[in-house]
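Novice: Pasting the sequence and the predicted coordinates here, then a few questions.
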Amino acid sequence: MIKEKVLLIFTNFDRFKKDINGKPARYEDLNENAEELKNLAISAGADVKDVLHWKDRKPNPRYFIGTGKLEEAKSIVNDKKIELVIFDDEITPTQQRNLQHKLDTKVIDRTALILDIFAQRAHSREGKLQVELAQLNYLLPRLIGKGIELSRLGGGIGTRGPGETKLEVDRRKIRKRISQLEKKINKIGIQRNIQRKKREERNVLSIALVGYTNSGKTTLLNSTTKSNAYVENRLFSTLDSTTRKIKIHSGPEVLISDTVGFIEKLPHQLVASFKSTLEEVKKSNILLLIVDITKPDYECDISSVKEVLREINAEDKPIIMVFNKIDKISSEKLKSVKFRYKDVVFISALKKTGFSFLYSKIRERIEKNYVNIDVKVPYNDNKTMSFIYNNCNILKRTDKEDSAIFDLNISLKNCSFLSRYIYRKK
């Protein structure tokens, strides 16, 4: 496959990201972010020929970058026969058109790049629908009349997914397609809700794995459940969520779900389009926030993940912080991180180390939502008997003349159903 020759333009403004403690990112962290943009481009199939850094207080309203830096970019484009320029920040449709006219090559931003990667990685019907919706919402304001300026520049990165023929239509048709996609995704969301309610009725607990892309969530899922979900050491290797049973508690059934990886400046179009998938995060009982401890800027990654959780209104969920890949760092660094983070689990998902402590932490969280009670239920109350056997962990049963006494471990929310039969609460 012939790869597009790409120039990356990495910008650094005063508004740049802060770490988990609210402090400005260090210089080495900024370099790490530039490296991330390069890895994103490579993941999309680009041949990165050069990286241009630009620092200023605010974007240039006409070209996003200053005119001096623009001339430097034009020189690189001509000398190295660059076919695509990618900006780390989101640029406006007007800036994009001005840049393409000035540089005489295709120009996209970080959002379009991430959407392109998602278009390549989506395999399920739901994933493809969600990505197409996100791309169309992104491209709609970039239409010019009945076509797009990009059409003259051919295919490649930034044009995958809906396809050129679908994009070269007027706004009315694109809005109609967006409406159709939203209806289909909403229908899938309704089906998810039905499945979720059935799990709740069966007293099934759910755990969601969240974290920065490539932090090791899928590896952890595979290691804890004997699953074989696809794993690769690259950004956004998997998009489609996977749910498996996990045995960590003697009580109710527990499910663990892998979710799409988060990233700094995750496009809001993706957050909106993946609403039904991210609903699994919102409705789960516990979140495991997986952190790649080998990254120099892992605290910024934590901050980015928590920002997305706030965006989807899931920041108040019970969170267990899990630092992964401890097998790839020195004992000195591990000791230093453990000194700073007291209430954190340290594991290697690949080597399956630290799992016993992880499981005990999960059990601890689960037990906070459960209580032991004794209930005395008449034999002729079949409905309550059925509820107990389907939704409770029966520790002991004692049969009397006209009723049965159950020693139960039960979730707090199910206590109300048995309130009239409570014999003794422990």
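Specialist: The structure has been received and is ready for your questions.

Novice: what secondary structure does Val260 sit in?
Specialist: For Val260, the assignment made with DSSP: H, G, I helix; E, B strand; the rest coil gives coil.

Novice: how close does it get to Ser206?
Specialist: In this structure, Val260 and Ser206 are 16 Å apart, going by Cβ to Cβ, to the nearest Å. C-betas here are computed from N, CA, C, even on glycine.

Novice: Now do the same contact list for Ala44.
Specialist: For Ala44, the contacting residues are 113, 116-117, 120, 157, by Cβ atoms under 8 Å, 6 or more residues apart in numbering.

Novice: backbone phi and psi for it, please?
Specialist: Summarising the backbone geometry of Ala44 under the convention degrees, to the nearest 10, its torsions are phi -80, psi -10.

Novice: Asn186 sits in which helix or strand?
Specialist: Using DSSP states H and E, the element containing Asn186 is helix 171-201.

Novice: For my notes, confirm His53 occurs in a strand.
Specialist: Yes - when classified by three-state DSSP, His53 is found to be part of a strand.

Novice: That one contacts Leu37, correct?
Specialist: No - the pair His53 and Leu37 does not pass the contact test of Cβ atoms under 8 Å, sitting 10.8 Å apart.

Novice: the strands in this structure, which residues?
Specialist: Under the criterion DSSP state E, the chain carries strands at the ranges 4-12, 46-55, 84-87, 106-109, 205-211, 242-245, 254-258, 286-292, 319-324, 345-346, 370-378, 393-399, 403-411, 422-425.

Novice: Now tell me what touches the third one from outside.
Specialist: Which is strand 84-87. With contact meaning Cβ under 8 Å, 6+ apart, strand 84-87 is reached by 4-9, 11, 37, 41, 46, 64, 73, 77, 99, 103, 105-110, 113, 156-158.

Novice: Break this protein down into its domains, please.
Specialist: According to automatic domain parsing, the chain comprises the domains 4-123, 203-367, 370-425.

Novice: Out of those domains, which is closest to Ser179?
Specialist: When the domains of the chain are compared by Cβ to Cβ, domain 203-367 sits nearest Ser179, at 13.5 Å.

Novice: how about low-confidence regions in the chain?
Specialist: When residues are selected by pLDDT under 70, those of the chain lie in 1, 14-33, 144-170, 200-203, 229-240, 249-252, 276-277, 424-426.

Novice: can you tell me which of the domains of the chain comes nearest to Asn137?
Specialist: Going through the domains of the chain one by one, with Cβ to Cβ as the measure, domain 203-367 comes closest at 4.7 Å.

Novice: So for stretch 334-341, what gets flagged as buried?
Specialist: Buried residues in stretch 334-341, defined by neighbour count with 16 or more other Cβ atoms under 10 Å: Val337.

Novice: Kindly export that stretch (C-alpha atoms) in PDB.
Specialist: Output in PDB follows, covering the C-alpha atoms of stretch 334-341 (Å, rounded to 0.1, in the frame of the first residue of the first chain):
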ATOM      1  CA  LEU A 334       7.600   1.700  40.800                       C
ATOM      2  CA  LYS A 335       8.600   2.500  44.400                       C
ATOM      3  CA  SER A 336       8.400   6.200  43.700                       C
ATOM      4  CA  VAL A 337       4.900   6.000  42.100                       C
ATOM      5  CA  LYS A 338       3.700   3.800  45.000                       C
ATOM      6  CA  PHE A 339       4.900   6.400  47.400                       C
ATOM      7  CA  ARG A 340       2.800   9.100  45.700                       C
ATOM      8  CA  TYR A 341      -0.300   7.000  45.000                       C
END
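
Novice: Tell me which residues are up against that stretch.
Specialist: 293, 321, 323, 326, 344, 346.

Novice: 10 Å - rerun?
Specialist: Where contact means Cβ atoms under 10 Å, 6 or more residues apart in numbering, the residues beyond stretch 334-341 that reach it are 291, 293, 298-299, 321, 323, 326-327, 329-330, 344, 346.

Novice: Check the burial of Ser348 by counting its neighbours.
Specialist: The local packing count at Ser348 equals 21, with neighbours defined by other Cβ atoms under 10 Å.

Novice: In space, what's closest to it - neighbours in sequence excluded?
Specialist: If the residues on either side of it in the chain are set aside, Ser348 comes closest to Asp327, at 4.1 Å by Cβ to Cβ, 6 or more residues apart in numbering.

Novice: list the contacts for that neighbour?
Specialist: When the contact criterion is Cβ under 10 Å, 6+ apart, the partners of Asp327 are 293-294, 334, 347-351, 353-354.

Novice: ok, of the residues you listed, which come out buried?
Specialist: Among the contacts of Asp327, the ones that count as buried (16+ other Cβ under 10 Å) are 293-294, 347-350, 354.

Novice: of Val260 and Ser206, who's got more company?
Specialist: Between Val260 and Ser206, Val260 has the larger neighbour count (other Cβ under 10 Å), namely 25 against 19.

Novice: how close does that one sit to Ser284?
Specialist: When Cβ to Cβ is the yardstick, Val260 and Ser284 sit 14 Å from each other.

Novice: Same check on Ile329?
Specialist: When Cβ to Cβ is the yardstick, Ile329 and Ser284 sit 29 Å from each other.

Novice: who has more neighbours, the two?
Specialist: Under the neighbour definition other Cβ under 10 Å, Ile329 and Ser284 were set side by side, and Ser284 has more, 23 against 15.

Novice: unless I'm mixing things up, the more buried one is touching Leu255, no?
Specialist: Yes - taking Cβ atoms under 10 Å as the definition, Ser284 is a contact partner of Leu255 at 8.8 Å.

Novice: Could you name every residue contacting both of those two?
Specialist: Taking Cβ under 10 Å, 6+ apart as the contact criterion, the common neighbours of Ser284 and Leu255 are 205-208.

Novice: Let's have these in TSV, adding distance to Tyr379.
Specialist: As requested, the shared contacts of Ser284 and Leu255 are arranged in TSV below (distance: Cβ to Cβ, whole Å):
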residue	distance to Tyr379
Leu205	30
Ser206	34
Ile207	37
Ala208	40
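
Novice: From the residues you listed, pick the one nearest Lys400.
Specialist: Using Cβ to Cβ, Leu205 is the member of the shared contacts of Ser284 and Leu255 that sits closest to Lys400, with 31.6 Å.

Novice: Spit out the contact partners of the closest one.
Specialist: In this structure, Leu205 makes contact with 199, 246, 248-249, 251-256, 284-286, 362, 365-366, 369-370, 411, judged by Cβ under 10 Å, 6+ apart.

Novice: Show me which of these are buried.
Specialist: Applying 16+ other Cβ under 10 Å to the contacts of Leu205, the neighbour count classes 246, 248-249, 251-252, 254-256, 284-286, 362, 365-366, 370, 411 as buried.

Novice: For Arg172, see how far away Leu143 is.
Specialist: 11 Å.
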